[in-house]
Structure formats: C-alpha cells, structure tokens
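In: What follows is a predicted protein model with its sequence.
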Amino acid sequence: MSFNELGLSERVLKAVEGAGYTQPTPIQAQAIPHVMQRRDVLGIAQTGTGKTAAFTLPMLSLLESGRARARMPRTLILEPTRELAAQVEDSFTKYGVNHKLNVALLIGGVSFGDQDAKITRGVDVLIATPGRLLDHFERGKLLLTGIEILVIDEADRMLDMGFIPDIERICKLVPFTRQTLFFSATMPPEITRLTEQFLHNPIRVEVSRPASTANTITQKLVASGGKDYEKREVLRSLIKNAENLKNAIIFCNRKKEVGVLHRSLQKYGFDAVALHGDMDQHARLAALDSFRKGEMNLLVASDVAARGLDIPDVSHVFNYDTPHHAEDYVHRIGRTGRAGRQGASMTLVTSSDDKSLAAIEKLIGQKIEWMTPPPSEASAPERARDDGRGSEDRNSRRGSRRERPARDKRGAPTVAARVSATPPRPVRMAEEPERRRAPDNDPGDPRVVGLGDHVPSFLLRSVARRNA
Ligand code: AMP
C-alpha cells in the first residue's frame, strides 16, 4: 500500500515524501483512512510502530479547512510526559512544513505567561500533559468547547502515572461530538473501561499483540549477585563486551538507583547521562539531546521517564533491574530493534527475581535465553544471613560454580563467572527494601550503611506504632 491511497491531502503527502517515507507502517495503513472519515479509532500499538504519524498526518489534512479562534483550540493531544508532548510537537513541525498551523505545547516546567499568549492567539493543535491542561482550564484562559479532535496517547502510561481521573474530566469538558483517537500499547481493564465510556463506535486497529516483543531483538538473561556493587560490575562487563554496541539505554526500577548507577558509570569513565522524574525539564531535555546526538552513548533511565520516547536506532537495552511489572519489560526492550533494525537486550537477574522473570516469560509467551547459568536458588532467609555474614559463607555455598566457572563460546569465563570470582568489599552501602509498586516514585533517601540490600524478612513485617 502507498501513502496516496490513504485519503491524505496533497500538502501532507508532500511532507511525507520529504520525510523519506515510502510506505505507511501497518498502524498508519489501517488507521489513517478511518481517521480521515472522522471515525473514532482505538489503536493498540507500541511506540516505534509509527503511531504518531498515524494521527498527526490525518489531523493535518483535516485541519486544512477551518481556522482557529482565540482561546478555543481546535484539536487536543494528551500525552503523559513532557518529553512525549515535545516529541509530538516535533512531528507536527516535520509533517506540517507545508501548513500554516498554530501548534502550542502546554507542559509543566514552562511559564504560564508564554503559554497563555499562544492560546489567546488561537491554536489549531494543542499538545498537553493532563495536569498542565487542567491548570490552564481552571485559570479560565482556555475553552475546550471548540475541540474537534481529541487524541489520547499512551493511555496505559497515563494509567501508571495516575492520570486517569484527569483524563476522564477532560473527556467530559470537550464536546460530545468530537472525534476521539485513542492509543495504548496494552489494554488493562481500566483502559478498556475508559474506551467504552468515551469512544463512539470506534474502529479497533491492533498492529501487534499487546504484549509482543519485536523479533528483531535478541533477548538474553544474565545472572548476577544481588548486591548493588555486584550488579554494577556485571553491567560494566556487559557494556564492555557487548558486540556492536553503539548506544544503550540502561533501565533501573527505581529513580534513586538511576542516580547511583549514573554516577558510578561516570566514575568508571563511561559516557553516561541520566533521565528520571526528579530532574527538571531543562536537565531532562539536555540529557536526551546529548544521547540523541550521540555525544553520550549510555542513557540510564527509569521506566516512567523513558516510556514512549522515540530515540531511533538504539543498539542495546540493559535491564539493570529485572522489571517488577512484565509490561515494563516489553516497553523497555521496545526501545531497541525499532523499524526493522537489529537490537539486543540483556537483563540482569538475581536469585530474588524468579517471580518477575516468570511473569515476563509468561507475558511474552517465550523463554528468554540465558547468557550465563541462572543464579543459584538461595532461599530468602539464607540470602539475608548471607548479607549479614559477608563473603565466606557465600563463597562456600557457591563453591561448585566458582570451581568450574561458566565459559562463553570462546572459552572465556562468562560475566557471571568473572563477577563471582571478584572478592566482595568489606563494607557496603545498603538500599532501602524494594517497594512493591513504585518504579519511579522513590523518595530518594540518602543511603545508609547497614545490612545490605536483602533485608531479613522479619524486619520487613509491619509493626504497630505507638503514638507519643
Ligand atoms: P512512533 O511510533 O510514532 O514513535 O514512530 C517511530 C519512528 O518511525 C519515528 O522515528 C518516525 O519518524 C518513524 N516513521 C513513522 N512512520 C514511518 C514510515 N511510514 N516509514 C518509515 N519510518 C516511519
């Protein structure tokens, strides 16, 4: 199929040609004709599938008739993060080269004054994060009654970030007769409910199974000890030995870990930048920019900060932590192997990650290959004792593996074998125990010296607190 068959306007087709696209991607081929016919669309697609152009191109075509009025935007695109919003704005610039449309970005971290001025002038396309949009609305500077097209992008991310009440509110503020384009990589029940409530007889377009991983990605598991210094050492080794590593995103489960790992990598001379939710807008964009331009080749990131970012041509993804949520695994490794390119992902797995790993393999419907022998299956109390007692106990328990270090294809000891041969340090910093569901909401407490990162389970039991 060619772009000419989708019903797009001449001006848009010219811009598409200028962008160098020869063929629509499956989501574009399936969604664009319906968007052009003003139908609601439910698109189940991950980033990297070309979904941004799937709504941007027909929106540009439809916006050619009519014009914007002061304070009454004609279309509204909701994005979960500032980076994604900025990325969509870039798409409008790229695909809208032949249009004279006013595009405004309403995101946090930028002064209200400039944004107010743009809205007052009249906006064809308003791209916003939900919180900032509602702030503007409540200030009385913005009317949503002129919205003809509403786009809700990365809906499952909105859910993760707690934006669903805001989305529901916004859906009620825009006219009932608007056209709604709704995109989500996965369809958890809360998202299905939202689509049932706010989409009218939508066309459902699904370009890949919600939990599928691209077959251009070579996925591997790597065993690691559970201590942070052990994991960092395994990671450094992986980075140094990875074949054809051009650049990589390294994912951590917690934003505190992002900072610690970033500093550690820098200390070891790696060109690394960090991206997490606590950084201000300027620092986030600067980090992303230097990674995109290739000035820095490693990006250490948390899930929330990195989800959906379009960073083309990432050769490797390292999961420094096995993600607690299987969907996060799909999103993380989806950063590589994009647009038909080859990519590689390596996931560090410790002996306490078996449940998370099982959930991931169940979700993606396949077993992931081990690069090293799996970690030994120490029970939780043993691990806790291990932490307290230091290296001798651990070495004797893992003796058999140390005597016969695992070897790779070339006969060299594998990363895990090399790591297990490394003498542990006498004093270590401890991390706070994992929280169940807070990948990016960590308070970032200073680290404390103590038991190590595997806290004995009896210490984790809740106790009744007496009020003074
Ligand atoms: P997205 O899924 O919207 O994040 O897009 C992923 C990447 O695919 C972006 O870098 C787009 O520039 C690119 N892209 C979008 N549509 C096409 C197409 N039809 N042909 C080639 N590349 C495309």
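Out: Structure received.
In: what's the burial count for T25?
Out: Summarising burial for T25: neighbours were counted as other CB atoms under 10 Å, giving 18. Glycine gets a C-beta too; all of them are placed from N, C-alpha and C.
In: ok now do it, which residues does it touch?
Out: 49-50, 53-54, 207 (CB atoms under 8 Å, 6 or more residues apart in numbering).
In: So which of those residues would count as near the ligand as well?
Out: Of the residues in the contacts of T25, proximity to the ligand by CB under 6 Å from any ligand atom holds for 49-50, 53.
In: out of those residues, which is most surrounded?
Out: Counting neighbours by other CB under 10 Å, the top entry in those is A53, with 25 neighbours.
In: can I assume it sits in a strand?
Out: No. A53 is assigned helix when assessed by DSSP: H, G, I helix; E, B strand; the rest coil, not a strand.
In: From M187, how far out is it?
Out: 22 Å (CB to CB, to the nearest Å).
In: Next, the buried residues of stretch 80-90.
Out: Residues of stretch 80-90 classed as buried under the neighbour-count rule (16 or more other CB atoms under 10 Å) are 80-89.
In: Check which residues of the helix or strand where T120 lies are buried.
Out: T120 belongs to helix 112-121 when assigned by DSSP states H and E. For helix 112-121, the neighbour count (16+ other CB under 10 Å) marks 115-116, 118-119 as buried.
In: Could you list the alpha-carbon positions for it in PDB?
Out: C-alpha atoms of helix 112-121 as PDB (Å, rounded to 0.1, in the frame of the first residue of the first chain):
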ATOM      1  CA  PHE A 112       2.200  30.100  32.100                       C
ATOM      2  CA  GLY A 113       2.600  33.500  30.500                       C
ATOM      3  CA  ASP A 114       4.000  32.400  27.200                       C
ATOM      4  CA  GLN A 115       1.500  29.500  27.000                       C
ATOM      5  CA  ASP A 116      -1.400  31.900  27.700                       C
ATOM      6  CA  ALA A 117      -0.200  34.200  25.000                       C
ATOM      7  CA  LYS A 118      -0.200  31.400  22.400                       C
ATOM      8  CA  ILE A 119      -3.700  30.200  23.500                       C
ATOM      9  CA  THR A 120      -5.000  33.700  23.200                       C
ATOM     10  CA  ARG A 121      -3.700  34.000  19.600                       C
END
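In: counting contacts, what elements does the very next helix or strand once past that helix pack onto?
Out: Using DSSP H and E, the helix or strand that follows helix 112-121 towards the C-terminus is strand 125-128. If contacts are counted by 3 or more CB pairs under 8 Å, 6 or more residues apart in numbering; DSSP states H and E, strand 125-128 sits against strand 75-78, helix 82-95, strand 103-106.
In: quick one: which of those is nearest D313?
Out: Relative to D313, the nearest member of the helices and strands packed on strand 125-128 by CB to CB is helix 82-95, separated by 15.3 Å.
In: how long is stretch 41-52 from one end to the other?
Out: Stretch 41-52 has an end-to-end distance of 13 Å (criterion: CA to CA, to the nearest Å).
In: hmm, who's touching the helix or strand hosting R169?
Out: Assigned by DSSP H and E, R169 belongs to helix 164-173. Helix 164-173 is contacted by residues 76, 78, 130-131, 133-134, 137, 144, 150, 152, 155, 158, 180, 190, 194, 197-198 when judged by CB under 8 Å, 6+ apart.
In: what's the spacing between that helix and its chain's center?
Out: Remark: helix 164-173 is offset 23 Å from the chain centroid, using CA atoms, centre = their mean, to the nearest Å.
In: what do you get for stretch 95-112?
Out: 23 Å.
In: Also stretch 105-123?
Out: 26 Å.
In: Can you get me the start-to-end distance on it?
Out: Counting by CA to CA, the terminal residues of stretch 105-123 are separated by 10 Å.
In: Ok, stretch 43-56 next?
Out: 13 Å.
In: Show me how far that stretch is from its chain's centre.
Out: In terms of CA atoms, centre = their mean, the centre of stretch 43-56 is set 15 Å apart from its chain centre.
In: do stretch 224-239 as well
Out: Taking mean C-alpha positions (CA atoms, centre = their mean), stretch 224-239 and its chain are 22 Å apart.
In: can I assume L357 is in contact with T350?
Out: No. Counting by CB atoms under 8 Å, L357 stays clear of T350, with 9.9 Å between them.
In: Now do the nearest residue to R39 once chain neighbours are set aside, the pLDDT please.
Out: Sequence neighbours aside, I203 is the residue nearest to R39 in space, at 5.2 Å (criterion: CB to CB, 6 or more residues apart in numbering). Per-residue pLDDT puts I203 at 96.
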